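Trainee: no sequence on this one, just coordinates:
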């Protein structure tokens, strides 16, 4: 009761964002019902306003509730990938260019990976620094497919510690798959044995 009163008081002093309200009203059951029919397991439709709110809150505000909900949705997909391969996989957040990360204050995929660790920590090695973005391409949002593909080409490199390892790259939204393909290229060039990509939503 006291927690409810305190929460109401805080909302009165600093009214929550509309996207924050939508995320507060979400549950894991809500998200599971939204998963694209016939699509990859765990992928949400970005066109739904609740999914956009989830991504927005994670991306721009590092919202802990959004991160936990997304992690609860994704962890089984990650475990499925891990179960199909020999050895403990590397869990890798999709990297941001350092300049963009400094401007935003965080990398949303790192926030998501940290939320995933309580679910799967013993079954993966978390590797936030093995994949790096060396070029700062223009924002992918709104670009045509062929432009997206060239926009991110050769924008990433991976360290030698991925050699012979299974790598699972975590992203927030997949559109054309160009960013995932570039991550896979960089990791395989560095010797990764297998690369899987997992995203919260498909736009």
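Mentor: Received it, and whenever you're ready, just let me know what you need. What you are looking at is a predicted structure, and each value in this text was computed from that prediction instead of being measured.

Trainee: where along the chain do the strands fall?
Mentor: 44-45, 90-93, 125-126, 131-133, 156-158, 166-174, 194-202 (DSSP state E).

Trainee: packing partners of the fourth one?
Mentor: When contacts are defined as 3 or more Cβ pairs under 8 Å, 6 or more residues apart in numbering; DSSP states H and E, strand 131-133 sits against strand 156-158, helix 178-189. Heads up, the C-betas are built off the backbone N, CA and C, glycines and all.

Trainee: over to the fifth one?
Mentor: The helices and strands touching strand 156-158, judged by 3+ Cβ pairs under 8 Å, 6+ apart, are strand 131-133, helix 178-189.

Trainee: residues of the longest one that come out buried?
Mentor: Of the residues in helix 178-189, those buried under the neighbour-count criterion (16 or more other Cβ atoms under 10 Å) are 178, 179, 180, 182, 183, 184, 185, 186, 187.

Trainee: what mean pLDDT does whichever helix in the chain runs longest have?
Mentor: For the chain, the longest helix by residue count, based on DSSP state H, is helix 64-83. Averaged over helix 64-83, pLDDT sits at 94.

Trainee: that one: which residues count as buried?
Mentor: Buried residues in helix 64-83 (16+ other Cβ under 10 Å): 66-75, 77-79, 81-82.

Trainee: okay, and for this structure, where does confidence drop off?
Mentor: Scanning the chain for pLDDT under 70 picks out 1-14, 36-42, 137-149.

Trainee: again, only using 80
Mentor: For the chain, the stretches flagged by pLDDT under 80 are 1-14, 36-42, 136-151.

Trainee: correct me, but residue 154 touches residue 135?
Mentor: Yes - the criterion here is Cβ atoms under 8 Å, and residue 154 meets it with residue 135 at 7.2 Å.

Trainee: what is in contact with these two at once?
Mentor: Counting by Cβ atoms under 8 Å, 6 or more residues apart in numbering, no residue touches both residue 154 and residue 135.

Trainee: tell me which residues touch the residue nearest to residue 109 when sequence neighbours are not counted, please.
Mentor: Nearest in space to residue 109, with sequence neighbours left out and distances taken as Cβ to Cβ, 6 or more residues apart in numbering, is residue 93 at 3.7 Å. By Cβ under 8 Å, 6+ apart, residue 93 lies in contact with 107, 109, 110, 112, 113, 128, 131, 169, 170.

Trainee: if I look at the closest residue in space to the third one that isn't next to it in sequence, how far off is residue 53?
Mentor: If the residues on either side of it in the chain are set aside, residue 110 comes closest to residue 93, at 4.5 Å by Cβ to Cβ, 6+ apart. Using Cβ to Cβ, to the nearest Å, one gets 21 Å for the distance from residue 93 to residue 53.
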